[in-house]
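Colleague: Fold the following, please.
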Amino acid sequence: MFLVGKSIPDHIRNLPRQFLDTPFGQMIKPQIEMALKGVTQGTSTGPALGPNVQPSPSRPVPPLQMPQVSAASHPVPHTVRNVSNLSQLQSELAAASDSCAVIFFTSSTCPPCKAVYPIYDELAQEVGGRGRLIKVDIGFARDVGMKYSIRATPTFMTFVKGQKLDQWSGANPAQLKGNVRMLLEMAHPPHPHQNLRLPSLQRPISNFVMYKKVPPLDKLLQKLPTDFKEIQSIAPVIEFVKLRHTASNGNAPAADTRVPDLHAFAATLQSTYPTLPSDSHFAVVDLIRLLFLDPRVSGYFAEETNHTTLLTLLSPLSQGDLSSCPYNLRIVALQLACNLFSTPLYPHQLVSSSSPLREICLRLATNSLLDSQNNLRVVASSFAYNLAAYNHNVRFDGKPDPLSEEDQVELAASLLEAVSQEEQSLEALHGFLFALGLFIYEAPVDGALIDLCRAMGVTETVAAKSKIEALRKEPLLKEFGEELFGKGL
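Modeller: Numbers count the residues shown, from 1 in each chain. As a prediction, the model looks like this:
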């Protein structure tokens, strides 16, 4: 204050805290606290500056606070966890009871230990969330050293699934890396499906099945009631579909076509659709399918507040016996459901257990997979494939399945039954097998899905298809039949 007329800058006053947040700072924290024990630091009044000198207002310098740094204070993920007492260590081991853990017993007077610190930090990054790498200085955490009878540093101890596995001493980087990586394999053994030859499944799926074909618009519009087409908010949408189709044929960029008032269109559709003749419902749904080909439109209707429009369109399929619903309505509804995968905004709604959209689409798909109409079975298999591919990609990325096991079992049962009944359509069989394979690949070996496949005799069912002349050329019969369903179950 006397020299510059202001308080010490924050970036200077925060240096002790920043230092103590480092791994080395955490290690020597107990020694610092012991040295500062009983010491207090406060503000003091500076010397008088004279009657004509007015100092600038300043904040009092707060006492130096030594933060309590511990493993329990939310350590940064994928870093070494420094602990300073037995209680903290036991908490870390308990958190790793379903995976693995490594304890690095070190001391501040151990030069070989310091040489291994960078390697241990790198291994923590490699292990990530699959385990915990812990460091404890037994010079300060004497209760830990006594508990584990540590006589020399560096000493390493490994645990898998809560049980001690190994212990060794010495600063050998190669031994440390090898043992940690072996520990990871024991705690997280690779899925047996990874050892099979399944090129169709051992990769993320980049393409979803879409139905973008535009039917003769004049014939489609003839199926719509005249008074419906002339509604003020409906007519611009019909014109938009026409203009966009013309633009997509090369006359102009489709994105240049101005989007109509979708809010008014959605409100009108929700109020008038239930009153339309049932034989015109399929034409309205097909018009929406074409409308959704524009990402600006699909993005608008993907908003949470606008799912009501899709639910209104699919409401005739949500109740009663689906076999009584018109064939043309079921097939265009499934095509629309497939096209929802053209944007990342919709799939999570189609797999969410709380979404009514998922319930309607799943019911439609599982029933249509067993329909007598070949084209309907093919489109149903496409929707099942899209769901399975989305679930597969999330699982392939090491994350929990977005689609519940119950839903997967229901779809897999319908797919298996469809495979067993298929005797003519190579296209339908390909869709059934691919969707089924995506669900089964890397599914939990002790889960309900694998149990279902074994109980329903998937191996024998798929092998039987190779004996049918019209189906034997399907390549997935060999890849999936011999590898996934043969060796993988």
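
Colleague: what's the weakest-modelled helix or strand in the chain?
Modeller: Least confident helix or strand, the chain: helix 23-36 with a mean of 69, by mean pLDDT, DSSP states H and E.

Colleague: ok, then the element right after it?
Modeller: Next along the chain after helix 23-36, taking DSSP states H and E as the criterion, comes strand 81-83.

Colleague: I'd like to know which elements that following strand is packed against.
Modeller: Secondary-structure packing of strand 81-83 (3 or more Cβ pairs under 8 Å, 6 or more residues apart in numbering; DSSP states H and E): helix 23-36, helix 86-95, strand 132-137. For the C-beta atoms, the positions are set from N, CA and C on the backbone; glycine is no exception.

Colleague: same thing but 6 Å
Modeller: Applying 3 or more Cβ pairs under 6 Å, 6 or more residues apart in numbering; DSSP states H and E, one finds that strand 81-83 contacts strand 132-137.

Colleague: Please enumerate residues in contact with the strand it packs on?
Modeller: Residues from elsewhere that reach strand 132-137, judged by Cβ atoms under 6 Å, 6 or more residues apart in numbering: 27, 80-83, 92, 96, 101-107, 124, 144.

Colleague: Among those residues, show me the least confident.
Modeller: The pLDDT minimum for those sits at M27, where the score is 68.

Colleague: ranges for the strands of this protein?
Modeller: 81-83, 100-106, 132-137, 155-160, 163-169 (DSSP state E).

Colleague: Turn those strands into CSV, columns for distance to A412 and mean neighbour count.
Modeller: As requested, the strands of the chain are exported to CSV (distance: least, Cβ to Cβ, whole Å; neighbours: other Cβ atoms under 10 Å):
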stretch, distance to A412, mean neighbour count
strand 81-83, 41, 25
strand 100-106, 32, 25
strand 132-137, 36, 24
strand 155-160, 32, 21
strand 163-169, 35, 13
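
Colleague: For P236, find the nearest of those strands.
Modeller: P236 lies closest, by Cβ to Cβ, to one member of the strands of the chain: strand 132-137, at 59.9 Å.

Colleague: Using CSV, write out every CA atom in that closest one.
Modeller: This file holds the C-alpha atoms of strand 132-137, laid out as CSV (Å, rounded to 0.1, in the frame of the first residue of the first chain):
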residue,chain,number,x,y,z
ARG,A,132,-7.7,-45.5,-9.8
LEU,A,133,-4.0,-44.7,-9.4
ILE,A,134,-3.3,-43.6,-5.8
LYS,A,135,-0.2,-42.0,-4.3
VAL,A,136,0.6,-41.9,-0.6
ASP,A,137,3.6,-40.5,1.2
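
Colleague: if we can go back for a sec, just put the strands of the chain in TSV and tack on distance to R244.
Modeller: Putting these into TSV (distance: least, Cβ to Cβ, whole Å) gives the following:
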stretch	distance to R244
strand 81-83	56
strand 100-106	56
strand 132-137	55
strand 155-160	59
strand 163-169	63
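
Colleague: Nearest to A266, out of the ones you listed?
Modeller: Nearest of the strands of the chain (Cβ to Cβ): strand 132-137, 50.6 Å.

Colleague: domain parsing for this protein?
Modeller: 15-34+63-185, 217-487 (automatic domain parsing).

Colleague: measure the first one end to end?
Modeller: Start-to-end span of domain 15-34+63-185 (Cα to Cα, to the nearest Å) is 41 Å.

Colleague: just the last one next, same as before
Modeller: Distance between the two ends of domain 217-487: 50 Å, counting by Cα to Cα.

Colleague: what pLDDT does the nearest residue to S108 once chain neighbours are set aside get?
Modeller: Spatial nearest neighbour of S108, excluding adjacent residues (Cβ to Cβ, 6 or more residues apart in numbering): G139 at 5.6 Å. Predicted confidence (pLDDT) for G139: 92.

Colleague: How many residues are close by G139?
Modeller: 17 (other Cβ atoms under 10 Å).

Colleague: my read: it touches S107, true?
Modeller: Yes - under the criterion of Cβ atoms under 6 Å, G139 makes contact with S107 at 4.4 Å.

Colleague: For S353, list the residues it contacts.
Modeller: When contacts are taken as Cβ under 6 Å, 6+ apart, S353 is in contact with S404.

Colleague: can you pull the pLDDT of it?
Modeller: Confidence at S353, expressed as pLDDT, is 85.

Colleague: Could you do the one 10 residues further on as well?
Modeller: Looking at R363, its pLDDT is 93.

Colleague: And for L133?
Modeller: 97.

Colleague: could you measure A187 against R181, distance?
Modeller: As defined by Cβ to Cβ, to the nearest Å, A187 lies at a distance of 11 Å from R181.

Colleague: likewise H307?
Modeller: Distance, H307 to R181, by Cβ to Cβ: 47 Å.

Colleague: If you count surrounding residues, which of those two has more?
Modeller: H307 (16 against 13).

Colleague: show me what contacts the more buried one?
Modeller: Contacts for H307 (Cβ under 6 Å, 6+ apart) come out as none.

Colleague: ditto for A428
Modeller: R377, V378, S381, E422.

Colleague: can you give me the end-to-end distance of stretch 205-221?
Modeller: Using Cα to Cα, the distance between the terminal residues of stretch 205-221 is 36 Å.

Colleague: Right, I'll call it a day here.
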